[in-house]
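Asker: Need coordinates for the below:
(2 chains)
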Amino acid sequence: MNKTLIGISVAMAGLFAFFLLAAPTTEEAALNSAPSINNDGIGSVDLPSGVDTSEKKPLIIGDPNAQVTIVEYGDFKCPSCNSFHHGAGAQIREEYVDKGLVNIEFRNYPFLGPDSGRAARGAYCANEQSVFTAYHDRIYNSIWDEHYSGGSYAAEYDDVFSIDKIVEVLGDAVPDPDALRSCISSTDLDDNIDADIALARQDGIQGTPGFVVNGRPLNGPSNFNTFKVLIDAQLR
Amino acid sequence: MDKHADKEVTTKKVSDKVNKFLQSTALKVAVSAKAFVKLFYNPGYILLVVVGALLSASLVIWSLNLDLARYILLELDGVSMATRLQTIFWDPYISIFTTLESFQALGIVMFSTLFGFNTAILVYVLKNQGLSNIPKKSSFGGTVSAVLAGGCVACGTSVLAPLMATFGATSGVFLRDLSTWLNWAASILIIYSIYKLGLLAATVQAKRKLKIDY
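Answerer: Next up, the predicted model:
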């Protein structure tokens, strides 16, 4: 094989490494972009930088005392988030979360219309009744089964999560459906959602799904092995 | 009557021109494709395609997470180099159709494969003809297309995403659509680049056959 061509291949790999090293860090990119989010569903919140995140109630899947925490930013209507939930997310749950090694802290990043905000609010309402994990799974599975699994993404732009629909999807998983219904109608827990969005900016998240693993932001959907490498390093 | 005849003559002229253009273009495409295929008689160029495709796909896939990619490659403790390389270059490839939506995944696979082919033919032309001997006019389109295509996908997503976010377009859907369409646009530019470079490669091969020195 021609030595020149091998040399060129090596040089290309070197260029790749240079590009990687010269790129701005994700934190720098996030600071430069300073996105502001207007989430229609929760009263048009255009967040300033001074949102108080200290009082936020965490939405935890798995053992709250697990050694490793993965932060997941998602929108219950986002197809890529749902795809993650059914793919790498399911594997993470099976391999790590169910064994008590890892927990997932879900943070809302609602941007797909009023019902995104409604579903985000529902997450905190379900958490009040200690059924957040069931809520998370049932809401994701519902839109997946009815729309996304067949490759139809039009629901992304439709108002699919009415309060009635959310309560219906949860079924017997929620102890007090009426309390859930009135909680979603109120704005009492919205500070938590504002805090989620402010934290997303702080964590360098640029879209959904977004994650913080091993203290590093991971933007966009990713495969299980990437999570595995990062989790295993932290568990060691 | 005269007007009608004039119109017929004009239509025929236009039709002849179009036919002539199509015939010459078809011939050029055939010549370019033949030269392109001949390139791979040398396995070194197949290696270039593979390396180019893997690197460009990795850049596209990791474009929003270059900091994390750097961390995994260079800083993560207790992980072998083989695992690091596998995580960056191989795992995203084998899981691309399950991690991403089909249209998006197909765009990345197509772009990266074409980028690999383009790299190989560009190297062949540069190696055999030299940068200074390449006719500026004909190489311009091809080279600029390739640079634009590579740039718009690899850097585009990571540069444009934060830029667009500044204007309030922070949305997973937006970023997903942006990178997908950049991939497809880049693929079209690269096909044009391969075509132009194929013509140059054909010239090189013809000169070699006729033993014409540069």
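
Asker: mind checking how far the residue positioned nearest the centre of chain B is from B:K196?
Answerer: Nearest to the mean C-alpha position of chain B, by Cα atoms, centre = their mean, lies B:I190 at 3.1 Å. Distance, B:I190 to B:K196, using Cβ to Cβ, to the nearest Å: 11 Å. For the C-beta atoms, the positions are set from N, CA and C on the backbone; glycine is no exception.

Asker: can you check B:G78 too?
Answerer: For B:G78 relative to B:K196 (Cβ to Cβ), the value is 48 Å.

Asker: Burial check on the residue lying closest to B:I121 once chain neighbours are set aside, number of neighbours?
Answerer: Among residues not flanking B:I121 along the chain, B:L197 sits closest, at 4.5 Å (Cβ to Cβ, 6 or more residues apart in numbering or on different chains). Residues lying near B:L197 (other Cβ atoms under 10 Å in any protein chain shown) number 31.

Asker: What of B:S15?
Answerer: Counted with other Cβ under 10 Å, B:S15 comes out at 10.

Asker: Then the residue nearest to the centre of chain B would be within a strand, right?
Answerer: No. Counting by DSSP: H, G, I helix; E, B strand; the rest coil, B:I190 is not found in a strand; it is helix.

Asker: Tell me the pLDDT of it.
Answerer: pLDDT recorded at B:I190 is 78.

Asker: do the same with A:V174
Answerer: Model confidence at A:V174 (pLDDT) stands at 90.

Asker: cool, and A:F111?
Answerer: Looking at A:F111, the pLDDT reads 82.

Asker: Count the neighbours of it for me.
Answerer: Neighbours around A:F111, by other Cβ under 10 Å: 24.

Asker: okay but it is in contact with A:T208, surely?
Answerer: Yes. Checked against Cβ atoms under 8 Å, the pair A:F111 and A:T208 is within contact range at 7.4 Å.

Asker: Next, the distance between the ends of stretch A:203-214.
Answerer: Using Cα to Cα, to the nearest Å, the end-to-end distance of stretch A:203-214 comes to 12 Å.

Asker: buried sites along the helix or strand hosting A:I143?
Answerer: Assigned by DSSP states H and E, A:I143 falls within helix A:132-146. By 16 or more other Cβ atoms under 10 Å in any protein chain shown, the buried positions in helix A:132-146 come out as A:132-136, A:138-140, A:142-144.

Asker: can you list the residues that contact that helix?
Answerer: Helix A:132-146 is contacted by residues A:59-61, A:76-77, A:81-82, A:85-86, A:106, A:119, A:122-123, A:126-127, A:155, A:160-161, A:165-166, A:169-171, A:173-174 when judged by Cβ atoms under 8 Å, 6 or more residues apart in numbering or on different chains.

Asker: Can you list which of those residues are found in strands?
Answerer: Residues from the contacts of helix A:132-146 lying in strands, with DSSP state E as the criterion: A:59-61, A:106.

Asker: Of those, which is the nearest to chain B?
Answerer: A:F106 (15.2 Å; Cβ to the nearest Cβ).
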